[in-house]
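Undergrad: predicted model and sequence follow; I will ask about them next.
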Amino acid sequence: MIKKLLEELEKNENFIKLKSKHPNLFFCTAFISNNLETKTSKTQLDFFLPSENKIVSFEHPFDNFKKYDDEIYEIKEQSAEIKIDKSHLEKCVKKSIENNKCSLIPTQIIAILKNDEWNMTAINNSLGIVKIKYNAKTGEEKYFSKGSFMEFVKIDHNNK
């Protein structure tokens, strides 16, 4: 699916114009947010412009792009040849939750593909959170952590 999205984007007029101005640009990151309750999804593909040290993002359906002001000096090209693809995210997350004997039933999955690694966060309606990392090329689970939103957003009331 990522490969197909990249192929679709390469036919886009805005992308073609950008690529003509920046022939060395390359795909570096994918951001996907899936709402499992509403069955809606947001997909963003990011590209690095080496000549400017900037990131450019295209959100599906790729009508426009956004160039970020922050300068980035080191980022790797992301391969589209991956084992875990956009269409497999929900299945992978649910399988990891089950294998790790966790009772969380996700309603939202946020996934970032970068450096051949999927970094996924699954959230439920009670603000339970599961964080999982996978090797995107092999599908191997590398990390699993569960907790609550409040644990991840620690507020120190003594430092005001």
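TA: Thanks, I have the structure now.

Undergrad: which non-adjacent residue is nearest Leu42?
TA: Leu isn't right for residue 42; it's Lys. Ser33 (4.4 Å; CB to CB, 6 or more residues apart in numbering). (Glycine included, C-beta is placed from N, CA and C.)

Undergrad: pretty sure that neighbour sits against Ile109.
TA: Yes: between Ser33 and Ile109 a contact is recorded at 7.4 Å, counting by CB atoms under 8 Å.

Undergrad: hmm, back to that, how much space between the residue nearest to Lys42 and Asn124?
TA: 15 Å (CB to CB, to the nearest Å).

Undergrad: low-scoring stretches of the protein, by residue?
TA: 152-160 (pLDDT under 70).

Undergrad: residue nearest the centroid of this protein?
TA: With distances taken as CA atoms, centre = their mean, Ile112 lies nearest the centre of the chain, 2.0 Å away.

Undergrad: contacts only, for that one.
TA: By CB atoms under 8 Å, 6 or more residues apart in numbering, Ile112 lies in contact with Thr29, Ala30, Phe31, Ile32, Trp118, Asn119, Met120.

Undergrad: okay, helices next: where are they in this structure?
TA: For the chain, applying DSSP state H gives helices covering 2-10, 13-21, 89-99, 149-152.

Undergrad: distance to Glu59 for those helices - can I get that in JSON lines?
TA: Listed next are the helices of the chain as JSON lines, based on distance: least, CB to CB, whole Å:
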{"stretch": "helix 2-10", "distance to Glu59": "11"}
{"stretch": "helix 13-21", "distance to Glu59": "12"}
{"stretch": "helix 89-99", "distance to Glu59": "17"}
{"stretch": "helix 149-152", "distance to Glu59": "25"}
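
Undergrad: closest one to Asp69 among those?
TA: helix 13-21 (16.6 Å; CB to CB).

Undergrad: check what contacts that closest one and list those residues.
TA: Outside helix 13-21, the residues touching it (CB under 8 Å, 6+ apart) are Leu9, Glu10, Leu25, Phe47, Val56, Phe58, Phe62, Asp63, Asn64, Phe65.
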